[in-house]
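S.K.: next one to model:
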Amino acid sequence: MSFGNVPVGSNAIQKGTLTAGASDITVSAAAGKGQGYSLSGISFPVTLPAGQSVPFTVTFAPQTAGNATGSIAFNSNATDSPITETLTGSGTQQGGGTTAGQLAVTPTTMGFGNVVVGSNAIQPGTLTAGSSDIKVLSAVWKGQGYSLSGISFPVTLPAGQSVPFTVTFAPQSAGNTSGSIAFDSNATNSPTTETLTGSGTEQSQHSVALSWDASTSQVVGYNIYRGVASGGPYTKLNTSANASTAYTDNSVQSGQIYYYVTTAVDSSNVESVYSNQVTASIP
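M.R.: As a prediction, the model looks like this:
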């Protein structure tokens, strides 16, 4: 879990999930390490039925400038206990993305997770000048499947100001792929480097067949939503209202757990609330 640069005196929040395997798991406690990190949103002990998940929240609130590493060790009756999540972040001075004469990149590590070969995933990033103007001259990126867009060089960042950019990961083969982007500038910490991680996965041979009861209201169809954490957030799968009360999701990945909900849509394109959630565990 990477928090990137966070100004001293403020905080950043990220969500995480614990998921049981093929049998029930009781998580008894969690031990956190690292200055400025805290865990919330979960109470112990908690029992996870097989294949089910429970969310939690990690907050990074740096009190001093500089890199800060940490970890959370979850103790349970699982065979791999304790299971540990690594935390990284950096406290920066208020009033500028970093100190005078330096350039900050956020996030410092950009993780794309699993991406099906032949498709792509996109994530945003930001360059921020410290308390003096910075001229970014160029960027060099490495790693199969990674590309940089949304920014033109050279670009001058006034003190304390930021410029966005976009990184795309489009794996051409299965397997883990690491990469990096080195931003060359007149900053004292040039080149400023962002680390990239991702994994190409083969298209799953599985699919998920969904069906639901028809709405008792006058509707024109249904929208189908999918998430990777229980309770969402969810992403809509269909481009237009599905006229039937069934849908097959052919875009699933092996080894993943998905959470589905549907909504009913009327002739004014107004959606109902979410249906109950169902879970599908892909072999």
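S.K.: low-confidence regions, the stretch 101-250 of the chain specifically.
M.R.: 204 (pLDDT under 70).
S.K.: mind jotting down where the strands sit in it?
M.R.: Under the criterion DSSP state E, counting those that start in this stretch, the stretch 101-250 of the chain contains strands at 103-106, 109-116, 121-129, 134-142, 146-149, 155-157, 162-169, 175-185, 192-201, 208-211, 221-227, 235-236, 246-249.
S.K.: do you know how far the nearest residue to Ser185 once chain neighbours are set aside is from Phe153?
M.R.: Leaving aside its chain neighbours, Ser185 sits nearest to Val136 (4.4 Å; criterion: CB to CB, 6 or more residues apart in numbering). Yep, even glycine has a C-beta here, placed from its N, CA and C like the rest. The gap separating Val136 from Phe153 is 6 Å, by CB to CB, to the nearest Å.
S.K.: looking at the two, which one has more neighbours?
M.R.: Val136 (24 against 12; other CB atoms under 10 Å).
S.K.: in the sheet, who's paired with the more buried one?
M.R.: Residues in a beta bridge with Val136, per DSSP bridges, are Val155, Ser185.
S.K.: how about the contacts made by Thr109?
M.R.: 2, 4, 88, 194-197 (CB atoms under 8 Å, 6 or more residues apart in numbering).
S.K.: same thing but 6 Å
M.R.: Shown in contact with Thr109 (CB atoms under 6 Å, 6 or more residues apart in numbering): 2, 195.
S.K.: cool, the one 5 residues further on as well?
M.R.: Applying CB under 6 Å, 6+ apart, one finds that Asn114 lies in contact with 199, 201, 253.
S.K.: burial measure for the closest residue in space to it that isn't next to it in sequence, as a count.
M.R.: Distances taken as CB to CB, 6+ apart place Thr201 nearest to Asn114, at 4.7 Å, with adjacent residues excluded. Counted with other CB under 10 Å, the neighbours of Thr201 add up to 19.
S.K.: and what of Val140?
M.R.: Neighbourhood size, Val140 [other CB under 10 Å]: 12.
S.K.: can you check Val54 too?
M.R.: Neighbouring residues of Val54 were enumerated by other CB under 10 Å; the total is 20.
S.K.: residues in contact with stretch 253-271?
M.R.: Taking CB under 6 Å, 6+ apart as the rule, stretch 253-271 contacts 114, 201, 204, 210, 212, 215, 219-227, 230, 241, 272, 274-275, 277-282.
S.K.: how does it look with 7 Å?
M.R.: 19, 51, 53, 114, 116, 201, 204, 206, 208, 210, 212, 215, 217-230, 234, 241, 252, 272, 274-275, 277-283 (CB atoms under 7 Å, 6 or more residues apart in numbering).
S.K.: report the distance from it to the chain centre.
M.R.: Computed by CA atoms, centre = their mean, to the nearest Å, the separation of stretch 253-271 from the middle of its chain amounts to 20 Å.
S.K.: do stretch 218-235 as well
M.R.: 19 Å.
S.K.: buried stuff in that stretch?
M.R.: Using 16 or more other CB atoms under 10 Å as the test for burial, stretch 218-235 gives 219, 221-230, 234.
S.K.: cool, thanks, signing off.
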